[in-house]
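1. Compute the structure for the input listed below.
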Amino acid sequence: MNNYELIVIFTPVLSEEEFKAAQKKYTDFVLENGGTITHSQPWGLKSLAYPIQKKTTGIYWVLEYGAPSSFNEKLKIQILRDEQIMRHMITLLDKYAVEYNTKKRSGVPTGIEKVAEA
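-> As a prediction, the model looks like this:
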């Protein structure tokens with residue numbers, strides 16, 4: 001089983017309930033196919049670097065999960081069928097990235113923070 005990070009940009013016209021339903025849909029999809037959810041974090045409404053489908057904002061969501069490598073093709077098909085999703089990116093995380101993300105979430109210094117100058 002590999003560790004992955006999925007970043008999704010949803011269309012900004014979604015209501016809060018629709019956004020939560022979409023998150024639940026994809027977390028359930030991962031679990032139904034033998035995966036595990038490590039962390040889920042909605043980033044909320046953010047400005048886009050360039051317009052996508054004539055929209056300048058999008059609702060961001062990050063999902064860290066573990067799954068077999070064959071699962072990603074099924075997930076990609078589901079994402080491409082969903083009209084609420086403007087963009088997505090699936091990244092394979094190595095053991096160092098998993099360790100870094102765990103430390104960052106727990107508040108342990110990761111070694112790359114800026115030191116406040118006195």
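
2. Residue 74 and residue 68, how far apart?
-> Distance from residue 74 to residue 68, counting by Cβ to Cβ, to the nearest Å: 10 Å. Any C-beta I mention is one placed from the backbone N, CA and C, and that applies to glycine too.

3. got it, and residue 103?
-> 26 Å.

4. Could you give me the buried positions within the helix ranked longest in the chain?
-> For the chain, the longest helix by residue count, based on DSSP state H, is helix 16-32. Of all the residues in helix 16-32, those buried under the rule 16 or more other Cβ atoms under 10 Å are 19, 22, 23, 26, 29, 30.

5. again, but for stretch 59-79
-> Burial within stretch 59-79, assessed by neighbour count using 16+ other Cβ under 10 Å, is assigned to 59, 60, 61, 63, 64, 65, 66, 67, 71, 72, 75, 79.

6. so where do the helices sit in the protein?
-> Using DSSP H, helices in the chain cover 16-32, 71-81, 95-106.

7. The most centrally placed residue in the chain: what's its closest spatial neighbour, skipping adjacent residues?
-> The residue lying closest to the centre of the chain (Cα atoms, centre = their mean) is residue 62, at 2.1 Å. Of all residues not flanking residue 62 in the chain, residue 41 sits nearest, at 4.9 Å (Cβ to Cβ, 6 or more residues apart in numbering).

8. Just want to check the distance between that neighbour and residue 85.
-> 17 Å.

9. neighbour count winner among those two?
-> Higher neighbour count among residue 41 and residue 85: residue 85, with 19 against 11, using other Cβ atoms under 10 Å.

10. residues contacting that one?
-> Residue 85 makes contact with 8, 9, 10, 11, 79 under the criterion Cβ atoms under 8 Å, 6 or more residues apart in numbering.
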